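A.B. asks: Pasted the sequence and its predicted model underneath.
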2 protein chains.
Amino acid sequence: MEHEHIRSAFDRDLEAIQAHLMRLGELSATALHDATLALINRDMALAERVRKGDKALDEIDELINDETAKLIALRAPAASDMRLALGAMKISNSLERIGDYAKNIAKRSEVVSQAGRIGDTSGTLRRMSDLVQRMLHDVLEAYIKRDAAVAHELRARDEDVDQIYNVLFRTLLTHMMEDPKTITSVMHLHFIAKNLERIGDHITSIAEQIIYQVEGRRPDEERPRSDTTSSISGAEG
Amino acid sequence: MEHEHIRSAFDRDLEAIQAHLMRLGELSATALHDATLALINRDMALAERVRKGDKALDEIDELINDETAKLIALRAPAASDMRLALGAMKISNSLERIGDYAKNIAKRSEVVSQAGRIGDTSGTLRRMSDLVQRMLHDVLEAYIKRDAAVAHELRARDEDVDQIYNVLFRTLLTHMMEDPKTITSVMHLHFIAKNLERIGDHITSIAEQIIYQVEGRRPDEERPRSDTTSSISGAEG
C-alpha cells in the first residue's frame, strides 16, 4: 500500500507539471502564430505584444524546472517515472526555445516591414509557419496521449519543413544577387526561415522524448535533418 | 553514519559524471579549435575529422544523461545536491551543442574554401573564435572549482563576442552589396560567425548554471545578450 501511495503522489505531482507544460505549449503556439501574422500583415503592435509576452514563457519554464526537481527529490521515482520527470524538463526547455524563436521572428518582422516585398517570400514563410504550427499542435497532443506513433510521424514531417527551407534559401540567394538593394531585408527574411526550421528541430526533439518515454529507448536512426544548405556552393559558379 | 555513507556515495558518483563532463568539454574545445583552423588554413582533411568526431560527443552526452538519471534515482539527493546533478545534465547538453556548432563550422569551411577570400573576414573570425575558446577553457575550470566570480565575469565577456559579431554582420552586408558574386560564400561566413556567437551564449548558460549551483539562485538580471543585428535596417537606405 505504501508503494501504491507513493506512486499516486508522483502521478498527481507530475500531472500538475504537465498542466504547466500544456500552458507553455499553448503560449508558444500563440507566440508563433502571432509572430507570423505580424510579419505577413506588417502589424507592428502585434509584433510588440509577442516580444513582451516572451517573459511569461520563461517564467513557466523556470517553474517547471523547479517543480520537477522538487518532485524528483521528494518522490525518488523509479526508472520509467524518472524518464517522465526528466522528459518534462527537456520538453519545457524546447517549448521555451520555440518561444524565443517566435520572439526573434517578431523582432525581425519590424525591420522587414520597412522594406519592399521580396517576391512571394511571405507566402512561402506563411506556408512554412503553418506546417510548423500544425506539428506543434500535434506533438503536444501526442505528449498528453503518450502516442509514439504520431511522434514517429512527426520526425518524418520535419523533413518537409527542411525541404521548404532549402528551396527558400536558394530563392533568397537569387534575390540578393539580382537586386543587391534587397540584401538587408533578405537577410532578415532568411533568418526568419531559419528560425522556423529550428522550431521544427525542437518539435522533433519533443517527439523523440515522447518516443523515449513510451518505448524506453531513444530512436535508433540518426535523426533525419535535411537542412542541406550548409553545403550549397553552386550559386557562386 | 548512514547519512554520511549516502552522501559520500553521491559525491563519488557525481565525480565520475564530472569526469565525463570534463572529457566532453575537452572534446568540444578541440572540435572548435580544429574547425577554426580548418577554416583559416582551408584544411579539408581536418574539417572532415571534426565532422566525423562529433558522434563521440553525442555519445558522451547520452552517457552523462543516463548516469545522472541513475544517480538521482539511486541516491535521492537533497536540494543542493539535486542542483548539482541536474546542472551536470544541462551543462552536458550545452557542451554537446557547442560540438554541433563546431561541426557546422567545419562543414561550411569546406564550401568557403572553394571561394576567394573576403576582406579580412577570416582574421575577424579567428579573433572571435580565440575569444570563445578562452571562455570555454575558463568556464570548464570555473565549473570544477565552483568559482562563481569567474562565472559572473564570463557573462560580461560574452558581450565582447556579441560586439565583434555585430560589427562583422555589418561588414559582411557591405561586402555582399559591393560584390554580389560573393553572396553565397559571405552567407556561409556569416553563419560561421553566428555559430561562434551562439557558442558564446552556451558558455554563458554554463556560467549561469555554475552561479546557480554555488549561490543557490539564478542570476537576477536578464542575461546580457547583445546580438542587436535583428534590428539592423540602415544598410538598405
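C.D. replies: Received, thanks. Numbering: from 1, shown residues only, chains lettered A, B, ... in the order given.

A.B. asks: quick one: the helices in chain A?
C.D. replies: A:2-41, A:44-75, A:79-112, A:121-145, A:148-178, A:183-215 (DSSP state H).

A.B. asks: in the shortest one, what counts as buried?
C.D. replies: Neighbour-count burial for helix A:121-145 flags A:121-122, A:124-125, A:128-129, A:131-133, A:135-136, A:138-140, A:142-143 (criterion: 16 or more other CB atoms under 10 Å in any protein chain shown). Backbone N, C-alpha and C define where each C-beta goes, glycine included.

A.B. asks: Let me see the confidence value for the spatially most central residue of chain A.
C.D. replies: Within chain A, one residue has its C-alpha closest to the average C-alpha position: by CA atoms, centre = their mean, that is A:Ile199, at 3.3 Å. Here, the pLDDT recorded for A:Ile199 equals 97.

A.B. asks: now A:Leu21
C.D. replies: 97.

A.B. asks: just A:Pro77 next, same as before
C.D. replies: Reading off the model, A:Pro77 has pLDDT 83.

A.B. asks: Next, count neighbours for it.
C.D. replies: 23 (other CB atoms under 10 Å in any protein chain shown).

A.B. asks: tell me the phi and psi of it?
C.D. replies: Taking degrees, to the nearest 10, you get phi -70, psi 150 for the backbone angles of A:Pro77.

A.B. asks: quick one: it and B:Ala76, what's the gap?
C.D. replies: Taking CB to CB, to the nearest Å as the measure, A:Pro77 falls 9 Å from B:Ala76.

A.B. asks: who's in contact with the residue nearest to the centre of chain A?
C.D. replies: Taking CB atoms under 8 Å, 6 or more residues apart in numbering or on different chains, we find A:Ile199 in contact with A:32, A:98, A:101-102, A:132, A:136.

A.B. asks: what packs against the helix or strand of chain A with the lowest mean pLDDT?
C.D. replies: Scoring the helices and strands of chain A by mean pLDDT, DSSP states H and E places helix A:2-41 at the bottom, with a mean of 89. Helices and strands touching helix A:2-41, by 3 or more CB pairs under 8 Å, 6 or more residues apart in numbering or on different chains; DSSP states H and E, are helix A:44-75, helix A:79-112, helix A:121-145.

A.B. asks: Distance to A:Met177 for those helices - can I get that in a markdown table?
C.D. replies: As requested, the helices and strands packed on helix A:2-41 are exported to a markdown table (distance: least, CB to CB, whole Å):
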| stretch | distance to A:Met177 |
| --- | --- |
| helix A:44-75 | 29 |
| helix A:79-112 | 19 |
| helix A:121-145 | 15 |
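
A.B. asks: pLDDT at A:Lys70, what is it?
C.D. replies: Confidence score, pLDDT, at A:Lys70: 86.

A.B. asks: Number of residues surrounding it?
C.D. replies: A:Lys70: 14 neighbours (other CB under 10 Å).

A.B. asks: Now for it: which residues touch it?
C.D. replies: By CB under 8 Å, 6+ apart, A:Lys70 has no neighbours at all.

A.B. asks: A:His202 against A:Glu96, yeah?
C.D. replies: No: assessed by CB atoms under 8 Å, A:His202 is found out of contact with A:Glu96, at 9.5 Å.

A.B. asks: Nearest spatial neighbour of A:Arg198, chain-adjacent residues omitted?
C.D. replies: The shortest distance from A:Arg198 to any non-neighbouring residue, by CB to CB, 6 or more residues apart in numbering or on different chains, is to A:Tyr101 (5.9 Å).

A.B. asks: With chain B as the reference, measure out to the one you found.
C.D. replies: For A:Tyr101, the distance to chain B (CB to the nearest CB, to the nearest Å) stands at 11 Å.

A.B. asks: residues touching that residue, list them.
C.D. replies: Contact analysis of A:Tyr101 by CB under 8 Å, 6+ apart lists A:32, A:195-196, A:198-199, A:202.

A.B. asks: Looking at the residues you listed, spot the one nearest A:Leu14.
C.D. replies: A:His202 (21.8 Å; CB to CB).
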